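>>> Sequence isn't available, so here's the structure alone:
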């Protein structure tokens with residue numbers, strides 16, 4: 001539980017601090033090269049969901065985000081997952097979701113600023129990175145859990161077969 005709380009707070013803080021730095025130092029649509037040819041900062045405001053989809057539906061996203069965040073927090077509190085990878089993944093998704101929800105509530109749009117040069121991709125922010133990394137870790141957790149369960153079932157079967165042959 002403590003690990004989850006710390007990771008959520010740190011991810012929200014990292015997101016909000018970086019957004020404040022962008023708001024204080026970069027003008028809207030200004031490009032600032034960070035690593036030329038790799039990525040730069042471009043401050044934009046996203047009024048939609050991921051990648052600007054369904055722009056100007058702020059209340060829909062607030063409701064959906066609130067329900068999703070509440071569901072993840074409920075899961076963390078009720079089931080107290082023991083697996084560290086699962087706790088980290090859930091915490092990152094919650095923290096990233098809260099970071100973007102803060103923007104929607106208090107700014108009316110999400111501050112995006114990270115733009116990669118080597119692929120054609122949307123501008124995003126630190127909260128988006130936490131959500132994506134959290135989802136990726138959750139997929140990894142599911143895969144590893146399935147492998148572990150499969151091995152355990154196979155071992156049980158082999159043990160049962162060995163008992164029958166004795």
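Ah, there it is. Since the model is a prediction, treat every value here as computed from it, not as a measurement.
>>> ok, residue 127 touching residue 97?
Yes - if you go by Cβ atoms under 8 Å, residue 127 and residue 97 touch, sitting 7.4 Å apart. All C-beta atoms are positioned from the backbone trio N, CA, C, and that covers glycine.
>>> Could you check which of these two is surrounded by more residues?
More crowded of residue 127 and residue 97, by other Cβ atoms under 10 Å: residue 127, with 28 against 25.
>>> So for the more buried one, what's the pLDDT?
With respect to pLDDT, residue 127 scores 97.
>>> tell me the contacts of it?
11, 12, 15, 95, 96, 97, 98, 99, 100, 103, 110 (Cβ atoms under 8 Å, 6 or more residues apart in numbering).
>>> Quick check: closest non-adjacent residue to the first one.
If you skip the residues right next to it in sequence, residue 11 has residue 95 as its closest partner in space, 2.8 Å away by Cβ to Cβ, 6 or more residues apart in numbering.
>>> what's the burial count for the one you found?
25.
>>> Quick check: residue 43 vs residue 97, distance?
According to Cβ to Cβ, to the nearest Å, residue 43 and residue 97 sit 21 Å apart.
>>> same thing with residue 4?
Separation of residue 4 from residue 97 (Cβ to Cβ) stands at 14 Å.
>>> ok, back up a step: pull out the buried residues from the contacts of residue 127.
For the contacts of residue 127, a burial check counting by 16 or more other Cβ atoms under 10 Å picks out 11, 12, 15, 95, 96, 97, 98, 99, 100, 103, 110.
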